[in-house]
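Peer 1: structure of the sequence below:
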Amino acid sequence: LTGATLNGTPLPAGITDTGHATITDTQGPGADVPVLDVSDPGLVNEGSSAVFNLTLSHAVDAPTTLSFTFSGQADAGDIGTPVVTVGGTVVTLTALAGGGYSFTVP
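Peer 2: Below is the predicted model of the structure:
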């Protein structure tokens, strides 16, 4: 540590110190974990695209991987190849073992 006090007195050479801080989670456990909301595309006619809009309740500070599967009475031929767009850019999908896909939101 070097420098001077507020009134200009020089600090002695070789002065050292340590400090400790405790961070208290005032929002409670899990409060900083975002909530994923997926919109319902409603009824979709065969041959048309089903569009699901996804939002996170708040921003995250690291890339986030999301996974999804299709279920219900749709045949595999009815689904085709899914396309995921994040911020106007098509992202790469990874096929998962056992069905489904995952993608990463930067």
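
Peer 1: and the contacts of the helix or strand of the chain with the lowest mean pLDDT?
Peer 2: Least confident helix or strand of the chain, by mean pLDDT, DSSP states H and E, is helix 76-79 with a mean of 73. Contact with helix 76-79 is made by 46, 70, as judged by C-beta atoms under 8 Å, 6 or more residues apart in numbering. Any C-beta I mention is one placed from the backbone N, CA and C, and that applies to glycine too.

Peer 1: which element follows that helix toward the C-terminus?
Peer 2: strand 84-86 (DSSP states H and E).

Peer 1: pull out the buried residues from that next one.
Peer 2: Going by neighbour count (16 or more other C-beta atoms under 10 Å), the buried part of strand 84-86 is Val84.

Peer 1: show me what that strand is packed against.
Peer 2: Packing partners of strand 84-86 (3 or more C-beta pairs under 8 Å, 6 or more residues apart in numbering; DSSP states H and E): strand 89-91, strand 101-105.

Peer 1: against Thr5, how distant is the residue most central in space within the chain?
Peer 2: Nearest to the mean C-alpha position of the chain, counting by C-alpha atoms, centre = their mean, stands Thr64 at 3.8 Å. Counting by C-beta to C-beta, to the nearest Å, the gap from Thr64 to Thr5 is 48 Å.

Peer 1: tell me which of the helices and strands packed on strand 84-86 sits most buried.
Peer 2: With neighbours defined as mean count of other C-beta atoms under 10 Å, those peak in mean count at strand 101-105, which reaches a mean of 15.
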